[in-house]
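Q: Using only what follows, build the 3D model:
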Amino acid sequence: MDLSAAFPMWDTARMVLLGSDIRDLPPRRRAPSVLLGLNGEGDSLWHLGAALGAERVAVLPEAAAWLAEHLGSSDDPDPGGLVLGVTGGCGGAGASTAAVWLAQEAAVHGIRTLLVDGDSRGGGLELCLAAEDAPGLRWPDLADASGSIGTGQLSDSLPIAGGFSFLSWPGSRDRPLDVEPGPSRPSLMRRGGDMS
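A: Numbering: from 1, shown residues only. Got it, this is the predicted structure:
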């Protein structure tokens, strides 16, 4: 599509990707989303981004994974649901039990709920739920995931217990302890339910 064909959609597009070969832009009420360029373009790419009013500059190929994540999140503009954290002061304080009760109560009231176990060294929420055999992904299954994971794709892949989805560490003691949730995961979890 050439620039003149894009003019009618210029102000209504949710996201605009611009190549570094562009020089003249029509007036727009909001800044273009992403200016794409190549590694060898150096500082001129950043100067062009500033002149065009780009919100982001993606230097390829290094920014390819970030761009895929950014484009994936643009399909789901809803910022997501309420995130409620439950933290125990020490092992055995009852944080897991309280989290399960809250998730169960939310599900009873029709709130789409995702219960996330963030403690890789804990007992695993699936044990509290008596759902060790429930089919679905656990944290170690997501350890090597990269790029964008759609919220629908994620929720369809997780186990369900008590009327809500959950993401837990396996309840067995032979699990790896060196896998931690990646930096992009919390926003994905937030978009995955009304309450996480």
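Q: ok, then the element right after the lengthiest helix in the chain?
A: Ordering each helix of the chain by length in residues (DSSP state H) puts helix 95-108 first. Toward the C-terminus, helix 95-108 is succeeded by strand 114-116 as the next helix or strand (DSSP states H and E).
Q: Using PDB, list the CA coordinates for the next helix or strand after that following strand.
A: Next helix or strand after strand 114-116 toward the C-terminus (DSSP H and E): helix 125-128. These are the backbone C-alpha positions of helix 125-128, laid out as PDB (Å, rounded to 0.1, in the frame of the first residue of the first chain):
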ATOM      1  CA  LEU A 125      -1.300 -24.300  44.000                       C
ATOM      2  CA  GLU A 126      -2.300 -27.400  42.200                       C
ATOM      3  CA  LEU A 127      -1.800 -29.300  45.500                       C
ATOM      4  CA  CYS A 128      -4.200 -26.900  47.300                       C
END
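Q: How about stretch 120-131, which residues are buried there?
A: In terms of neighbour count (16 or more other CB atoms under 10 Å), stretch 120-131 has its buried residues at 120, 122-129, 131. Glycine gets a C-beta too; all of them are placed from N, C-alpha and C.
Q: Mind listing what's buried along stretch 39-54?
A: Those would be 45, 48-49, 52, 54, for stretch 39-54 by 16+ other CB under 10 Å.
Q: Most widely separated two among those?
A: Using CB to CB, these reach their maximum pairwise distance at 45 and 52, which is 10.7 Å.
Q: any common contacting residues for these two?
A: Shared contacts of residue 45 and residue 52, defined by CB atoms under 8 Å, 6 or more residues apart in numbering, are found at residue 35.
Q: Can you show me the helices along this structure?
A: Under DSSP H, the chain gives helices at 3-6, 43-52, 64-74, 95-108, 125-128, 139-142, 151-157, 185-191.
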